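In: Sequence and predicted structure, then a few things I'm wondering about:
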Amino acid sequence: MVDNPDKLCTICLRKFASLLKYDESIWKKQIEQCIDQIYQEEKGQSTLNDQRKRKYHRTDEENITLPTNFSIYEAQFKSINRSSFLEQFLRGICPLNSILSERLANYLVRHNQLNDFTLTFFSSDITCLKRIVLNVKYLSRLQCHMLNQHPYLTELKIIFKDTNSNRSNNTTNELFYQHICPSINSKFEDIYTVYGSLILHHLYCRLQTDSTRVSLSNRYLFQRSPTLSEGFSHQKLLNSILNSLHPSTFERLKILNIAHYKFFAAYHSTGTRKHSLADMSPLTKCSTNSAPIMTTTVNILPINFRLILKFTNLTSLNISNTDIKNHCLENLIDSLEKLDTLDISLCRSITTFNCLLKLSTKLKWLNLYNCSLIYQKDPTIYQILYELKSLEYLDISTDNNNSINDKEYDINKFLLEKNCLVNLKHLDLSGQQNILSKSLYEFLLSHSNLQFLGLFLTHEKYWKCLFDSTDLCYSKSRQYTYDLHDIIPLILTEDDFSFHETYLIESLKRYYERAHFVQKILYHIFFITRSYQSKNQIILIELILHTMSIHPTLQTVQMASTACIYNLTRTPLTEHINVKCLGKIVQAITNVMELYPNQQQLQKNCLLTLCSDRILHEPNFNFYLLASLVMNTLQNYSDLAIVQPGVAILALLTTRLTIDECTRLGSATNLQRLSQLIEQQIDRLQTMHISQNHQINDTSDQESNDHQQLTGDDTLRFCLSLLWNLTDENPIVCEHFIHSMGLQLYQRLIHLFSSDTIVLTKIVGLLSNISEVSHLRIYLYSIDIITLMQRFLTDGITDIAFSAGGILAHLLFEQVNHEINIELCENMRNAILKWQNPDTNMVTYRSFKPFIPLLHCTQIPVVQLWAIWAIHHVCSTDRARYSRIIREENLYDLIQKISNDQISFDQSDTFVIQLLNSILHLLKPYRSKHHTNSSAVAS
């Protein structure tokens, strides 16, 4: 039952998004077919053109090529009878109010689902937008006109963190392509122009030879890089978005955020320069001469920047991490007179800030993080800030060691100034390494209303004024960030850890986008969580995962993050983490492993974190992707610290893979590597054994390696479990195992580990998988399989005897029409009659398919007996696991028939009848008529 409105809203949004995704996949497939049809037609036309050119010796290819008639395809789309969720909703069945409309837009942005197709949903007929966030990552210019339908927009945020340069290879292009999709309202000719090259690259990027016989137009379309598609360029997008806004929006818009946009990026492109830049020099403004004037970048305002100046009623503007210059900022402040909130952090091209004085009575919020404040002279930046009397929020933090060393007016003089920013509630001085505790103390005395003070990486001790409750500067409600560098060498108590952890959490919440700060914070978190159990485990994990997503390409951040996640998820700490959070951890680790395959320590961090039963068993994720990444790591590294967790993870993951996925994972190359790892483990264990013997008895009479009795370690056992799982009901992998000399390796293992029942159980389990494959059974005779299994049948524990009996049953089944080994049959029957059914299952099966042929083997009763005992065992110990299989394979009716046949025999077997009756009793609740899939997996 859902008793939380927000949770219900999230569920509905997820359903909305999934329905849109389904419609999108269908529409995208139709577009791909049409683009491909045009490509194929023009490829055929190209052949004809070549023939004509050779015949008439013509080179004017352009005159020969026939233009594409897009109206045919337009009509084709209109004739398709579609009843998609999107089209039904666009008819106004259930309009969404402004709150739901905004939540849906935010949900699509957060989950990377906002593209031209899903933006179509935000028609004014069914949605009402007052605030919207647009991530341009997967948008083109074609659908921006949708914003014209929303005249009441007051807040607009456009995310430009993605750059076209990131899509520079086939892998990233393919990932980009998976998320884009044209709108159903766009004209086909526009779709062809903007999406055509991307679609053809998707369809034919692996068939490079296809590009050699295309027409002139398609050769250009196909061979050009998809990253150059102007429909997705940031310059075109911002221009389209701003020009598509409703006219009243230019008056109503109060908040605009275009952080990370590069206004001058187009200036470096000659082809787009004249469309992106405008000369705003005084000479140009005043000149009546129409003659062209040479301009420089100093006098240039980009066209898109000029569009921003039209929002005359803006009160909040975020242009952080953009490339605006001094004259741009001056024009902004001159035009936007109502600004009270300004974020120009990371705008390093700005070197003069005098224009801020024009907002001295209005500006309440100012962020100057990592700005080039050091270049502001006469007056200094601190003298300018002192005049901004209305400021309530000020951030002058830095992480580039550019603290201003001005003896006449430095930061300390600024803090000591009488009536310095008396309205200030938030001040961030992090990274300012010249601050003196005395100056800060005086400042705090006169600013009792200060709610936040950032002192991270300031390298000064402020303990008394910050944390001493008896001090005049102390405030219980004030929040801080500060450096723990001096604390790490100290011996700390659990209360100390708990105290400092609070401030680290606050630092990570505020500075997650600042890579330099993040690395320091994560180092402190790692230090604390290494020996102390966090009381804010989930909060820390969520913050670290968010930080990892913000800095995916920064190896140092990923290294520190994975180390912290490992500390926070070690057993038994993982028991306190909910399944949803575990799933996020696995996804983040998977991303890191995929992005950094050649970073050994980072791979080690990931494997150590993943090596947990709960992490691998409870959440749902892409099991095969993770398994393939771990296998690749094992191929690349032989470090035992990587091999040990790697094989353990794979042994657990393979129990969750399908047979097809096991086939791909169990390639010949991978099996050779696993065999190599086993041989390395044998050598290591033998070396350890010899070393131990030398320590006990230093004599020359040492037993030879061939007669040593070894005990396997966890690494060897997990390797064997992994091979057992991969070969389960998988003839292809079984064949790979045999051809990689696996049988000879296992024969050696049986000899060396004859007293290790755990190792023997896994060895015999894999041999049992091979015995289930009829054309591979003959290979088993090469290792004297009958003698070995007869020994295990009587001398081994029940687990080993059971699998050994299964091998012998399958080998006997081959002898149905040949001379039967009567003695072997009698030995098998006597052994089975002595078996005690254990309370827990010995082997986990995918299905009952391996038993079916043996159940029908009435010519050799002991073969049927083993299969019946096996089914009775798995149904009596773990019946619930097999409920679906029992119904799908119609097992009840099959056992019922065998039971009836057994009773009708003149010489019926009482023991068999008892087992059959017990099975029928166990299966009675699961009777059904259906069908399924199967075999043994290492439990």
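Out: The structure has been received and is ready for your questions.
In: so residue 301 is in which element?
Out: Using DSSP states H and E, residue 301 sits within strand 300-302.
In: Kindly report the same for residue 812.
Out: helix 798-813.
In: That helix packs against which elements?
Out: helix 757-771, helix 777-780, helix 785-795, helix 822-834, helix 852-855, helix 861-877 (3 or more C-beta pairs under 8 Å, 6 or more residues apart in numbering; DSSP states H and E). C-betas here are computed from N, CA, C, even on glycine.
In: Packed most tightly, which of those would that be?
Out: Highest mean neighbour count of these: helix 757-771, a mean of 24 (counted as mean count of other C-beta atoms under 10 Å).
In: distance between that helix and the chain's centre?
Out: 36 Å (C-alpha atoms, centre = their mean, to the nearest Å).
In: Tell me which of the helices and strands packed on helix 798-813 lies nearest to residue 258.
Out: For residue 258, the closest of the helices and strands packed on helix 798-813 is helix 757-771, at 59.9 Å, according to C-beta to C-beta.
In: Check which helices and strands that closest one sits against.
Out: helix 714-727, helix 731-739, helix 742-752, helix 777-780, helix 785-795, helix 798-813, strand 936-937.
In: Report the distance from the first one to the chain centre.
Out: Between the centre of helix 714-727 and the centre of its chain there are 27 Å (C-alpha atoms, centre = their mean).
In: contact partners of that helix?
Out: 640, 643-644, 647-648, 650-651, 654-655, 662, 665-666, 671, 674, 677-678, 681-682, 685, 712, 733-734, 737, 742, 749, 758-759, 762-763, 765-766, 769-770, 936-938 (C-beta atoms under 8 Å, 6 or more residues apart in numbering).
In: quick one: buried residues of it?
Out: Using 16 or more other C-beta atoms under 10 Å as the test for burial, helix 714-727 gives 715-727.
In: Return the member of those residues nearest to residue 753.
Out: For the buried residues of helix 714-727, the nearest to residue 753 is residue 716 (8.3 Å; C-beta to C-beta).
In: Just give me the neighbour total for residue 182.
Out: 26 (other C-beta atoms under 10 Å).
In: pretty sure it contacts residue 196?
Out: No - using C-beta atoms under 8 Å, residue 182 is not in contact with residue 196; the gap is 10.4 Å.
In: gap between the nearest residue to residue 554 once chain neighbours are set aside and residue 395?
Out: Excluding its sequence neighbours, the residue lying closest to residue 554 (C-beta to C-beta, 6 or more residues apart in numbering) is residue 515, at 5.5 Å. Distance, residue 515 to residue 395, using C-beta to C-beta, to the nearest Å: 17 Å.
In: try residue 497
Out: Taking C-beta to C-beta, one finds residue 497 at 29 Å from residue 395.
In: Which residue of those two possesses the greater neighbour count?
Out: Of the pair residue 497 and residue 395, residue 395 is the one with more neighbours under other C-beta under 10 Å, namely 22 against 18.
In: What does the more buried one show for phi and psi?
Out: phi -120, psi 110 (degrees, to the nearest 10).
In: Mind checking the helices and strands packed on helix 757-771 for the one nearest to residue 465?
Out: That would be helix 714-727 among those, by C-beta to C-beta, at 53.4 Å.
In: can you list the domain ranges for this protein.
Out: Domain ranges of the chain: 91-165, 512-620, 622-690+711-767, per the TED database.
In: For stretch 446-453, give the mean pLDDT please.
Out: Averaged over stretch 446-453, pLDDT sits at 93.
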